[in-house]
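Engineer: structure, please.
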Amino acid sequence: MKLLNQTNASAGVSTAKTISKRAMALKILALIATVVTLALIGGMMIFILIKGVPFINQSLFEVQYNSENQSLFSSVVDTVLMTVIALSIAGILGIGAAIYLAEYTHSQSKLVVSIRYAFETLAGIPSIIYGLFGMLLFVVYFKMGYSLLAGSLTLAIMCLPLVMRTTEEALLAVPTSYREGSLALGAGRLRTIFQIVLPAANPGIVSGLLLGVGRIMGETAALIFTAGTVAALPASLFSSVRTLSVHMYVLASEGLYIDKAYATAVVLLALVAVINVASWLMSARLERKNYGSA
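Structural biologist: Next comes the predicted model:
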(Lines give C-alpha, C1' and ligand atoms only; values in the text may rest on other atoms or scores of the structure.)
Protein backbone atom coordinates (compact mmCIF):
# COMPACT_ATOMS: atom_id res chain seq x y z
CA MET A 1 0.00 0.00 0.00
CA LYS A 2 2.80 2.40 0.88
CA LEU A 3 4.51 1.65 -2.44
CA LEU A 4 1.23 2.26 -4.29
CA ASN A 5 0.76 5.63 -2.57
CA GLN A 6 4.32 6.64 -3.46
CA THR A 7 3.70 5.65 -7.08
CA ASN A 8 0.47 7.69 -7.22
CA ALA A 9 2.21 10.68 -5.65
CA SER A 10 5.06 10.47 -8.15
CA ALA A 11 2.57 10.25 -11.03
CA GLY A 12 0.70 13.26 -9.68
CA VAL A 13 3.89 15.30 -9.40
CA SER A 14 4.92 14.27 -12.92
CA THR A 15 1.49 15.26 -14.31
CA ALA A 16 1.63 18.61 -12.51
CA LYS A 17 5.09 19.31 -13.93
CA THR A 18 3.88 18.43 -17.45
CA ILE A 19 0.88 20.74 -17.12
CA SER A 20 3.10 23.49 -15.75
CA LYS A 21 5.50 23.15 -18.70
CA ARG A 22 2.65 23.25 -21.20
CA ALA A 23 1.16 26.30 -19.51
CA MET A 24 4.52 28.04 -19.60
CA ALA A 25 4.96 27.16 -23.29
CA LEU A 26 1.50 28.53 -24.12
CA LYS A 27 2.24 31.66 -22.11
CA ILE A 28 5.48 32.20 -24.03
CA LEU A 29 3.73 31.65 -27.39
CA ALA A 30 0.97 34.10 -26.43
CA LEU A 31 3.59 36.65 -25.38
CA ILE A 32 5.48 36.23 -28.66
CA ALA A 33 2.26 36.61 -30.66
CA THR A 34 1.38 39.76 -28.70
CA VAL A 35 4.82 41.30 -29.25
CA VAL A 36 4.80 40.49 -32.98
CA THR A 37 1.28 41.91 -33.40
CA LEU A 38 2.12 45.12 -31.54
CA ALA A 39 5.35 45.46 -33.50
CA LEU A 40 3.56 45.11 -36.84
CA ILE A 41 0.83 47.58 -35.87
CA GLY A 42 3.35 50.02 -34.42
CA GLY A 43 5.59 49.74 -37.48
CA MET A 44 2.67 50.34 -39.82
CA MET A 45 1.53 53.39 -37.88
CA ILE A 46 5.04 54.84 -37.72
CA PHE A 47 5.47 54.30 -41.46
CA ILE A 48 2.18 56.08 -42.22
CA LEU A 49 3.02 58.95 -39.87
CA ILE A 50 6.46 59.42 -41.40
CA LYS A 51 5.04 59.39 -44.92
CA GLY A 52 1.94 61.49 -44.23
CA VAL A 53 2.61 64.05 -41.50
CA PRO A 54 5.00 66.23 -43.58
CA PHE A 55 2.25 66.77 -46.19
CA ILE A 56 -0.51 67.84 -43.79
CA ASN A 57 -1.12 71.53 -44.35
CA GLN A 58 -3.92 74.08 -44.34
CA SER A 59 -4.90 73.48 -47.96
CA LEU A 60 -5.97 69.92 -47.11
CA PHE A 61 -8.76 71.30 -44.93
CA GLU A 62 -10.26 73.88 -47.26
CA VAL A 63 -14.00 73.67 -47.67
CA GLN A 64 -14.02 73.30 -51.44
CA TYR A 65 -12.16 70.43 -53.11
CA ASN A 66 -10.25 71.10 -56.33
CA SER A 67 -7.33 69.68 -58.27
CA GLU A 68 -4.91 72.07 -56.59
CA ASN A 69 -5.57 71.44 -52.89
CA GLN A 70 -7.09 67.89 -52.91
CA SER A 71 -8.96 68.96 -49.78
CA LEU A 72 -10.23 66.19 -47.51
CA PHE A 73 -12.51 68.39 -45.41
CA SER A 74 -15.66 67.20 -47.16
CA SER A 75 -14.47 63.59 -46.85
CA VAL A 76 -14.08 64.00 -43.08
CA VAL A 77 -17.65 65.31 -42.82
CA ASP A 78 -18.94 62.55 -45.10
CA THR A 79 -17.14 59.89 -43.05
CA VAL A 80 -18.57 61.13 -39.76
CA LEU A 81 -22.10 61.37 -41.15
CA MET A 82 -21.95 57.92 -42.70
CA THR A 83 -20.53 56.40 -39.53
CA VAL A 84 -23.27 57.93 -37.37
CA ILE A 85 -26.10 56.88 -39.71
CA ALA A 86 -24.82 53.36 -40.40
CA LEU A 87 -23.93 52.66 -36.78
CA SER A 88 -27.28 53.97 -35.55
CA ILE A 89 -29.16 51.62 -37.88
CA ALA A 90 -26.90 48.63 -37.18
CA GLY A 91 -26.90 49.35 -33.44
CA ILE A 92 -30.69 49.50 -33.11
CA LEU A 93 -31.30 46.39 -35.21
CA GLY A 94 -28.30 44.42 -33.92
CA ILE A 95 -28.88 45.10 -30.23
CA GLY A 96 -32.61 44.41 -30.63
CA ALA A 97 -31.92 41.09 -32.36
CA ALA A 98 -29.35 40.15 -29.72
CA ILE A 99 -31.80 40.88 -26.91
CA TYR A 100 -34.39 38.66 -28.58
CA LEU A 101 -31.93 35.79 -29.10
CA ALA A 102 -30.36 36.00 -25.63
CA GLU A 103 -33.41 36.77 -23.50
CA TYR A 104 -36.53 35.51 -25.27
CA THR A 105 -35.51 32.31 -27.05
CA HIS A 106 -34.02 28.95 -26.21
CA SER A 107 -30.34 28.90 -27.13
CA GLN A 108 -30.56 25.46 -28.81
CA SER A 109 -33.79 25.94 -30.76
CA LYS A 110 -33.66 25.44 -34.50
CA LEU A 111 -34.68 29.04 -35.15
CA VAL A 112 -31.87 30.47 -33.02
CA VAL A 113 -29.29 28.09 -34.49
CA SER A 114 -30.40 29.02 -38.03
CA ILE A 115 -30.25 32.75 -37.28
CA ARG A 116 -26.78 32.46 -35.77
CA TYR A 117 -25.53 30.41 -38.70
CA ALA A 118 -26.93 32.98 -41.14
CA PHE A 119 -25.29 35.90 -39.33
CA GLU A 120 -21.96 34.10 -39.04
CA THR A 121 -22.12 33.41 -42.78
CA LEU A 122 -22.91 37.06 -43.52
CA ALA A 123 -19.93 38.17 -41.42
CA GLY A 124 -17.56 36.32 -43.76
CA ILE A 125 -18.89 37.69 -47.06
CA PRO A 126 -16.42 40.01 -48.87
CA SER A 127 -17.31 43.68 -48.74
CA ILE A 128 -17.46 44.01 -52.52
CA ILE A 129 -20.38 41.55 -52.55
CA TYR A 130 -22.18 43.83 -50.10
CA GLY A 131 -21.39 46.70 -52.45
CA LEU A 132 -22.94 44.94 -55.44
CA PHE A 133 -25.97 43.98 -53.34
CA GLY A 134 -26.36 47.55 -52.10
CA MET A 135 -26.04 48.92 -55.61
CA LEU A 136 -28.74 46.61 -56.97
CA LEU A 137 -31.09 47.07 -54.01
CA PHE A 138 -30.69 50.67 -52.89
CA VAL A 139 -29.16 52.44 -55.88
CA VAL A 140 -31.14 50.73 -58.67
CA TYR A 141 -34.28 49.16 -57.20
CA PHE A 142 -35.14 51.85 -54.64
CA LYS A 143 -33.77 54.55 -56.96
CA MET A 144 -31.62 56.22 -54.27
CA GLY A 145 -28.75 56.71 -56.69
CA TYR A 146 -25.17 56.98 -55.51
CA SER A 147 -25.91 58.63 -52.21
CA LEU A 148 -25.07 58.98 -48.55
CA LEU A 149 -28.20 57.04 -47.62
CA ALA A 150 -27.46 54.12 -49.96
CA GLY A 151 -23.91 53.84 -48.64
CA SER A 152 -25.05 54.07 -45.01
CA LEU A 153 -27.66 51.35 -45.44
CA THR A 154 -25.13 49.07 -47.12
CA LEU A 155 -22.61 49.59 -44.32
CA ALA A 156 -25.33 49.01 -41.73
CA ILE A 157 -26.05 45.61 -43.28
CA MET A 158 -22.32 44.84 -43.24
CA CYS A 159 -21.94 45.72 -39.55
CA LEU A 160 -25.18 44.08 -38.41
CA PRO A 161 -23.75 40.54 -37.90
CA LEU A 162 -20.77 41.90 -35.97
CA VAL A 163 -22.85 44.09 -33.67
CA MET A 164 -25.44 41.38 -33.10
CA ARG A 165 -22.95 38.62 -32.24
CA THR A 166 -20.83 40.75 -29.88
CA THR A 167 -23.94 42.08 -28.13
CA GLU A 168 -25.39 38.60 -27.76
CA GLU A 169 -22.15 37.30 -26.24
CA ALA A 170 -22.08 40.27 -23.86
CA LEU A 171 -25.67 39.59 -22.76
CA LEU A 172 -25.01 35.88 -22.27
CA ALA A 173 -21.96 36.73 -20.14
CA VAL A 174 -24.16 38.55 -17.59
CA PRO A 175 -24.69 36.20 -14.60
CA THR A 176 -28.11 34.60 -14.39
CA SER A 177 -28.29 35.65 -10.74
CA TYR A 178 -28.71 39.27 -11.88
CA ARG A 179 -31.89 38.37 -13.72
CA GLU A 180 -33.17 36.09 -10.95
CA GLY A 181 -32.57 38.75 -8.30
CA SER A 182 -34.38 41.41 -10.28
CA LEU A 183 -37.33 39.14 -11.06
CA ALA A 184 -37.49 38.06 -7.41
CA LEU A 185 -37.85 41.70 -6.37
CA GLY A 186 -40.89 42.06 -8.60
CA ALA A 187 -39.40 43.66 -11.71
CA GLY A 188 -40.75 42.56 -15.06
CA ARG A 189 -38.63 40.96 -17.75
CA LEU A 190 -38.45 44.11 -19.90
CA ARG A 191 -37.43 46.27 -16.95
CA THR A 192 -34.85 43.69 -15.91
CA ILE A 193 -33.33 43.70 -19.39
CA PHE A 194 -33.07 47.47 -19.72
CA GLN A 195 -32.12 48.35 -16.15
CA ILE A 196 -30.05 45.36 -15.06
CA VAL A 197 -28.83 43.25 -17.98
CA LEU A 198 -27.98 45.92 -20.56
CA PRO A 199 -25.98 48.13 -18.14
CA ALA A 200 -24.01 45.08 -17.00
CA ALA A 201 -23.30 44.12 -20.63
CA ASN A 202 -22.41 47.68 -21.63
CA PRO A 203 -18.62 47.14 -22.04
CA GLY A 204 -19.15 44.24 -24.45
CA ILE A 205 -21.78 46.14 -26.41
CA VAL A 206 -19.51 49.17 -26.75
CA SER A 207 -16.69 46.89 -27.93
CA GLY A 208 -18.92 45.56 -30.69
CA LEU A 209 -19.91 49.07 -31.73
CA LEU A 210 -16.25 50.10 -31.81
CA LEU A 211 -15.48 47.20 -34.12
CA GLY A 212 -18.34 48.40 -36.28
CA VAL A 213 -16.86 51.90 -36.36
CA GLY A 214 -13.54 50.51 -37.54
CA ARG A 215 -15.17 48.55 -40.35
CA ILE A 216 -17.34 51.47 -41.46
CA MET A 217 -14.53 54.02 -41.53
CA GLY A 218 -12.15 51.69 -43.34
CA GLU A 219 -14.56 50.46 -45.99
CA THR A 220 -13.89 51.35 -49.62
CA ALA A 221 -15.13 48.73 -52.09
CA ALA A 222 -18.76 48.76 -50.97
CA LEU A 223 -18.97 52.56 -50.99
CA ILE A 224 -17.65 52.96 -54.52
CA PHE A 225 -20.72 51.04 -55.74
CA THR A 226 -23.24 52.77 -53.46
CA ALA A 227 -22.08 56.19 -52.22
CA GLY A 228 -20.02 57.29 -55.21
CA THR A 229 -16.83 59.34 -55.22
CA VAL A 230 -17.99 62.97 -55.28
CA ALA A 231 -15.74 65.07 -53.03
CA ALA A 232 -18.29 67.58 -51.75
CA LEU A 233 -20.38 68.32 -48.70
CA PRO A 234 -23.74 66.52 -48.95
CA ALA A 235 -26.77 68.68 -49.59
CA SER A 236 -29.11 65.86 -48.52
CA LEU A 237 -29.17 62.15 -47.77
CA PHE A 238 -29.40 61.52 -51.50
CA SER A 239 -26.19 63.37 -52.38
CA SER A 240 -23.18 61.42 -53.61
CA VAL A 241 -20.29 61.54 -51.13
CA ARG A 242 -16.69 60.44 -50.71
CA THR A 243 -15.43 59.08 -47.39
CA LEU A 244 -11.80 59.29 -46.25
CA SER A 245 -11.02 55.72 -47.27
CA VAL A 246 -12.48 56.28 -50.75
CA HIS A 247 -10.68 59.63 -50.98
CA MET A 248 -7.40 57.92 -50.15
CA TYR A 249 -8.06 55.18 -52.71
CA VAL A 250 -8.88 57.69 -55.46
CA LEU A 251 -5.75 59.75 -54.80
CA ALA A 252 -3.52 56.68 -54.71
CA SER A 253 -5.08 55.13 -57.84
CA GLU A 254 -4.49 58.31 -59.83
CA GLY A 255 -0.79 58.07 -58.99
CA LEU A 256 -0.33 61.86 -58.88
CA TYR A 257 -1.05 62.57 -55.23
CA ILE A 258 0.53 59.72 -53.27
CA ASP A 259 1.76 62.16 -50.63
CA LYS A 260 -1.79 63.46 -50.10
CA ALA A 261 -3.00 59.85 -49.84
CA TYR A 262 -0.58 59.26 -46.95
CA ALA A 263 -1.75 62.50 -45.34
CA THR A 264 -5.33 61.27 -45.65
CA ALA A 265 -4.32 58.01 -43.97
CA VAL A 266 -2.90 59.99 -41.04
CA VAL A 267 -6.15 61.94 -40.66
CA LEU A 268 -8.16 58.71 -40.86
CA LEU A 269 -6.04 57.11 -38.13
CA ALA A 270 -6.44 60.20 -35.95
CA LEU A 271 -10.21 60.24 -36.46
CA VAL A 272 -10.57 56.57 -35.58
CA ALA A 273 -8.41 57.09 -32.48
CA VAL A 274 -10.52 60.06 -31.34
CA ILE A 275 -13.78 58.13 -31.79
CA ASN A 276 -12.37 55.08 -29.96
CA VAL A 277 -11.12 57.16 -27.04
CA ALA A 278 -14.42 59.04 -26.80
CA SER A 279 -16.38 55.77 -26.84
CA TRP A 280 -14.10 54.26 -24.21
CA LEU A 281 -14.53 57.27 -21.93
CA MET A 282 -18.29 57.12 -22.38
CA SER A 283 -18.32 53.41 -21.58
CA ALA A 284 -16.18 53.93 -18.47
CA ARG A 285 -18.45 56.74 -17.31
CA LEU A 286 -21.58 54.63 -17.77
CA GLU A 287 -19.95 51.73 -15.96
CA ARG A 288 -19.01 53.93 -12.99
CA LYS A 289 -22.55 55.34 -12.95
CA ASN A 290 -24.04 51.85 -12.91
CA TYR A 291 -21.77 50.67 -10.08
CA GLY A 292 -22.47 53.88 -8.17
CA SER A 293 -26.23 53.47 -8.44
CA ALA A 294 -25.89 49.84 -7.37
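Engineer: so residue 107, which of the three states?
Structural biologist: Secondary structure state of residue 107, per DSSP: H, G, I helix; E, B strand; the rest coil, is coil.
Engineer: report how many residues lie close to it.
Structural biologist: 11 (other CB atoms under 10 Å). C-betas here are computed from N, CA, C, even on glycine.
Engineer: measure it to residue 115 for me?
Structural biologist: Distance, residue 107 to residue 115, by CB to CB, to the nearest Å: 11 Å.
Engineer: now swap in residue 274 and tell me
Structural biologist: Look at residue 274 and residue 115: by CB to CB, they are 35 Å apart.
Engineer: more crowded one of those two?
Structural biologist: More neighbours surround residue 115 than the other of residue 274 and residue 115, with 17 against 10 (other CB under 10 Å).
Engineer: quick check: the more buried one vs residue 197, distance?
Structural biologist: According to CB to CB, residue 115 and residue 197 sit 20 Å apart.
Engineer: one more: residue 148?
Structural biologist: Residue 148 is 34 Å from residue 197, by CB to CB.
Engineer: how is this protein partitioned into domains?
Structural biologist: Domain ranges of the chain: 2-55, 61-293, per automatic domain parsing.
Engineer: now do the last one, average pLDDT.
Structural biologist: The average pLDDT within domain 61-293 is 87.
Engineer: how distant is that domain from the center of its chain?
Structural biologist: 6 Å (CA atoms, centre = their mean, to the nearest Å).
Engineer: before we move on, back to that, more neighbours, residue 148 and residue 197?
Structural biologist: residue 148 (26 against 21).
Engineer: hmm, residue 233 and that one touching each other?
Structural biologist: No: using CB atoms under 8 Å, residue 148 makes no contact with residue 233, being 10.5 Å away.
Engineer: what sits in contact with each of these two?
Structural biologist: residue 78 (CB atoms under 8 Å, 6 or more residues apart in numbering).
Engineer: which residues touch residue 232?
Structural biologist: By CB under 8 Å, 6+ apart, the contact list for residue 232 reads 65, 74, 239-242.
Engineer: ok, it to residue 240 distance?
Structural biologist: Distance from residue 232 to residue 240, by CB to CB: 8 Å.
Engineer: now do the same contact list for the residue nearest the centre of the chain.
Structural biologist: What sits nearest the mean C-alpha location of the chain, by CA atoms, centre = their mean, is residue 211, with 1.4 Å. Taking CB under 8 Å, 6+ apart as the criterion, residue 211 is in contact with 162-163, 166.
Engineer: by neighbours, which of those residues wins?
Structural biologist: Most crowded among those, counting by other CB under 10 Å, is residue 163 at 27 neighbours.
Engineer: check which residues of the helix or strand hosting that residue are buried.
Structural biologist: Residue 163 is part of helix 148-172, with elements assigned from DSSP states H and E. The neighbour-count check on helix 148-172 (16 or more other CB atoms under 10 Å) flags 148-171 as buried.
Engineer: re the thing from before, and the domains of the chain, which is most packed in?
Structural biologist: Among those, judged by mean count of other CB atoms under 10 Å, the one packed with the most neighbours on average is domain 61-293 (a mean of 18).
Engineer: residues in contact with stretch 191-207?
Structural biologist: With contact meaning CB under 8 Å, 6+ apart, stretch 191-207 is reached by 95, 99, 103, 166-167, 169-171, 173-174, 178-179, 182-183, 187, 279-280, 282-283, 286-287, 290.
Engineer: please apply the same query to stretch 176-183.
Structural biologist: 189, 191-192, 195-197, 200.
Engineer: cool, stretch 86-98 as well?
Structural biologist: Contacts for stretch 86-98 (CB under 8 Å, 6+ apart): 115, 151-153, 155-157, 159-165, 167-168, 171, 205, 208-209, 212-213, 216.
Engineer: likewise stretch 217-227?
Structural biologist: 78-79, 82-83, 126-128, 130-132, 134-135, 138-139, 146-148, 150-155, 158, 240-246, 249, 268, 271-272, 275.
Engineer: how about stretch 163-170?
Structural biologist: Contact with stretch 163-170 is made by 90-91, 93-95, 97-99, 101-102, 116, 119-120, 123, 201-205, 207-209, 211-212, as judged by CB under 8 Å, 6+ apart.
Engineer: repeat that with 6 Å
Structural biologist: 90, 94-95, 97-98, 101-102, 119, 201, 204-205, 208, 212 (CB atoms under 6 Å, 6 or more residues apart in numbering).
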